[in-house]
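*Asks:* Attaching a predicted model along with its sequence, questions to come.
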Amino acid sequence: MARATQLDTNMIATIIGGTGMTGSFLVRQLLADPVITEVISVSRKPLNISSAKLTEILVSDLAELPSLASKLRGEIYFCCLGTTRQAAGSKENFEKVDHTAIVEFAKIAQAHDAKSFTLISSGGANAKSKALYFQVKGRTEDDVKALGFRSLIIFQPGLLVGSRRDFRLAESVASTVLVPISRLFPAGTRKRLVTQAETLAARMLAEGKAAPEGVHIVPAKDI
């Protein structure tokens, strides 16, 4: 990645999606990092974590994000939002989470002159894809890029594996099948197929703090 900008020794980290699989790992890593003085988390469910460094902002609907902008003032931002059409219940609800809410959160970060914005997308993200999931992910990437962050890091993981609070049948089935199969492949191929959520969270924290200048896409094979 490009040469990192010089950041303050103490930083406020703002995260959305901290109750998800990767987000839950990332929240704990942020709280344990001595450089991070405060973690501001916005989510629809409580994290159930007790820490003097943690400020939780709960929302009943992600459409409330623009009205919360003044409370989400941080320096480095992390977006771990993500769902599936099945979990969301409809195409419209899926897009509200994986596009609208993510772009709104990114706009808030940019309005606060974020030093870095780190986003979880997906391998195969492409705004021209015929598959809804990858098409929405691609549009989201494009719209966040257009905001002009000084440092934007987009991770494109494979199938995320790890502990999740909310059960997702499709992901559970895919994980049960794909993880054992992936072990038969060389390490490089295996990394393209499966991404450990805890490893992804650690990379997000490291890159977000380093804040390399420009736009950086990190594919699954490099996570």
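*Replies:* Okay, I see it.

*Asks:* Paired strands for the helix or strand hosting residue 118, with orientation please.
*Replies:* Under the criterion of DSSP states H and E, residue 118 resides in strand 116-120. For strand 116-120, the paired strands and their directions (DSSP bridges) read strand 76-79 (parallel), strand 151-156 (parallel).

*Asks:* Can you check which strand is longest in the chain?
*Replies:* Selection of the longest strand in the chain by residue count, based on DSSP state E, yields strand 36-43.

*Asks:* Buried ones in it, by neighbour count?
*Replies:* 36, 38, 39, 40, 41, 42, 43 (16 or more other CB atoms under 10 Å). To be clear about C-beta, it is placed using only N, CA and C from the backbone, and glycine gets the same treatment.

*Asks:* Give the pairing partners of it; include direction for each.
*Replies:* Sheet partners by DSSP bridges: for strand 36-43, these are strand 11-16 (parallel), strand 54-58 (parallel).

*Asks:* got those strands as CSV, with mean neighbour count columns?
*Replies:* Below are those laid out as CSV (neighbours: other CB atoms under 10 Å):
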stretch, mean neighbour count
strand 11-16, 25
strand 54-58, 15
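
*Asks:* Can you say which of those strands is nearest to residue 144?
*Replies:* strand 11-16 (12.8 Å; CB to CB).

*Asks:* pLDDT of the closest one, averaged?
*Replies:* The average pLDDT within strand 11-16 is 97.

*Asks:* Distance-wise, check the most centrally placed residue in the chain relative to residue 147.
*Replies:* Nearest to the geometric centre of the chain sits residue 80, at 2.5 Å (CA atoms, centre = their mean). From residue 80 over to residue 147 the distance is 18 Å, taken as CB to CB, to the nearest Å.

*Asks:* What segments of this structure are helices?
*Replies:* 21-32, 85-88, 91-95, 102-111, 132-145, 169-182, 187-193, 197-210 (DSSP state H).

*Asks:* and the fifth one, what other elements does it pack with?
*Replies:* It refers to helix 132-145. helix 91-95, helix 102-111, strand 116-120, strand 151-156 (3 or more CB pairs under 8 Å, 6 or more residues apart in numbering; DSSP states H and E).

*Asks:* in the longest one, what counts as buried?
*Replies:* Looking back up the chat, that one is helix 102-111. Neighbour-count burial for helix 102-111 [16+ other CB under 10 Å]: 102, 103, 104, 105, 106, 107, 108, 109, 110.

*Asks:* who touches the fifth one in this structure?
*Replies:* Contacts were defined as CB atoms under 8 Å, 6 or more residues apart in numbering; by that measure residue 106 touches 77, 79, 117, 119, 143, 144, 147, 149.

*Asks:* Who are the contact partners of the first one?
*Replies:* With contacts defined as CB under 8 Å, 6+ apart, the neighbours of residue 77 are 13, 14, 15, 105, 106, 109, 114, 116, 117, 118, 208.

*Asks:* Could you list everything the first one pairs with in the sheet?
*Replies:* To tie it back to what came earlier, the one meant is residue 13. Going by DSSP bridges, residue 13 forms beta bridges with residue 39, residue 76.
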